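# Sequence isn't available, so here's the structure alone:
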């Protein structure tokens, strides 16, 4: 039986070098290689950008100091007078009542973000594919999870039912 030796044809030369594939195939190869390099560099740039951005944002958040006089004005308006608004509403209320002595919007936001009441009842983020329902009142919609301990019971419980009110986020 005759032996068959297959040798790919050397069909193209580029700057004196011979390639076993055509130049059109070589162009596709270098195109894919350039695209992969672009994607790697772009993703590295995006990662660095967000790292720097969030590092700066965290520094700015920590650098906001609330003066004691501002804290007293905010606590009085929010808890004693019942002005449980968001940042803009509370800021405009204090600006109208106290004028130039009112805290800045940034101070109001920082103070509000540390209040338990604001954290529990602040507005939901809009958009996204998981935003299918927006509860309008307490116990309008609830979420439930049932945990079943098949192996070893946890503190003599085989089942744990977790029910959360989606409006107040209370268990």
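Yes, it's here. All values reported here derive from a predicted model rather than from experimental measurement.
# host element of residue 164?
strand 159-165 (DSSP states H and E).
# got it, and residue 145?
strand 142-148.
# Number of residues surrounding residue 159?
Neighbourhood size, residue 159 [other Cβ atoms under 10 Å]: 10. The way it works is simple: take the backbone N, C-alpha and C, and place the C-beta from them, glycine included.
# where's it relative to residue 150, distance?
10 Å (Cβ to Cβ, to the nearest Å).
# cool, residue 87 as well?
48 Å.
# quick one: which of those two has more around it?
Between residue 87 and residue 150, counted using other Cβ under 10 Å, residue 87 has the larger neighbour count: 18 against 6.
# was I right about that one contacting residue 108?
Yes. Taking contacts as Cβ atoms under 8 Å, residue 87 lies within contact range of residue 108: 5.2 Å.
# can you give me the helices in the protein?
For the chain, the helices defined by DSSP state H occupy 23-63, 68-75, 87-98, 105-113, 116-121.
# and the second one, which residues are buried?
It refers to helix 68-75. Across helix 68-75, burial judged by 16 or more other Cβ atoms under 10 Å covers 70, 73-74.
# Using a markdown table, please lay out those residues together with distance to residue 38.
Below are the buried residues of helix 68-75 laid out as a markdown table (distance: Cβ to Cβ, whole Å):
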| residue | distance to residue 38 |
| --- | --- |
| 70 | 49 |
| 73 | 53 |
| 74 | 50 |
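# Any chance of CSV for those, columns pLDDT and distance to residue 146?
Shown next, in CSV, are the buried residues of helix 68-75 (pLDDT from 0 to 100; distance: Cβ to Cβ, whole Å):
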residue, pLDDT, distance to residue 146
70, 91, 47
73, 91, 47
74, 91, 42
